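K.L.:
Provided below are the primary sequence and the corresponding predicted coordinates.
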Amino acid sequence: MPIAGLAGLVAGAMSMAAGEYVSVSSQTDVETSDPAREAAELAASPEAELTELTEIYVGRGLDRELARQVRAE
């Protein structure tokens, strides 16, 4: 029985490690692709992207005029 317990412990640890690796790898992929995607969207439709940025700032609590000024910088 002790060997079965040890095998279960090792299997559980390996499973958790694999899950963490996949999670970190996926997050890295997303963060790596975001700047390129945003640059392409900005080049294709600059006004829409600036409007989107304004809305993000408004959502974070800035008034609309200040948000427009911030996004222009």
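P.N.:
In hand now; what should we look at?
K.L.:
What count of nearby residues applies to R71?
P.N.:
By the criterion of other Cβ atoms under 10 Å, R71 has 17 neighbours. C-beta coordinates here come from the backbone N, C-alpha and C atoms, glycine included.
K.L.:
Over to A67?
P.N.:
Neighbour tally, A67, other Cβ under 10 Å: 19.
K.L.:
ok, now Y57?
P.N.:
17.
K.L.:
can you tell me which residues contact it?
P.N.:
Contacts for Y57 were tallied using Cβ atoms under 8 Å, 6 or more residues apart in numbering; they are 66-67, 70-71.
K.L.:
Output the helix or strand encompassing I56 as PDB, restricted to C-alpha atoms.
P.N.:
With secondary structure defined by DSSP states H and E, I56 is part of helix 46-59. C-alpha atoms of helix 46-59 as PDB (Å, rounded to 0.1, in the frame of the first residue of the first chain):
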ATOM      1  CA  PRO A  46      -6.500  54.100 -36.500                       C
ATOM      2  CA  GLU A  47      -9.700  56.000 -35.600                       C
ATOM      3  CA  ALA A  48     -11.500  52.900 -34.400                       C
ATOM      4  CA  GLU A  49      -8.500  51.900 -32.200                       C
ATOM      5  CA  LEU A  50      -8.300  55.400 -30.700                       C
ATOM      6  CA  THR A  51     -12.000  55.300 -29.900                       C
ATOM      7  CA  GLU A  52     -11.500  51.900 -28.300                       C
ATOM      8  CA  LEU A  53      -8.700  53.300 -26.200                       C
ATOM      9  CA  THR A  54     -10.800  56.300 -25.200                       C
ATOM     10  CA  GLU A  55     -13.500  53.900 -24.000                       C
ATOM     11  CA  ILE A  56     -11.000  51.900 -22.000                       C
ATOM     12  CA  TYR A  57      -9.900  55.100 -20.200                       C
ATOM     13  CA  VAL A  58     -13.600  56.100 -19.600                       C
ATOM     14  CA  GLY A  59     -14.300  52.700 -18.200                       C
END
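K.L.:
Okay then, goodbye and thanks.
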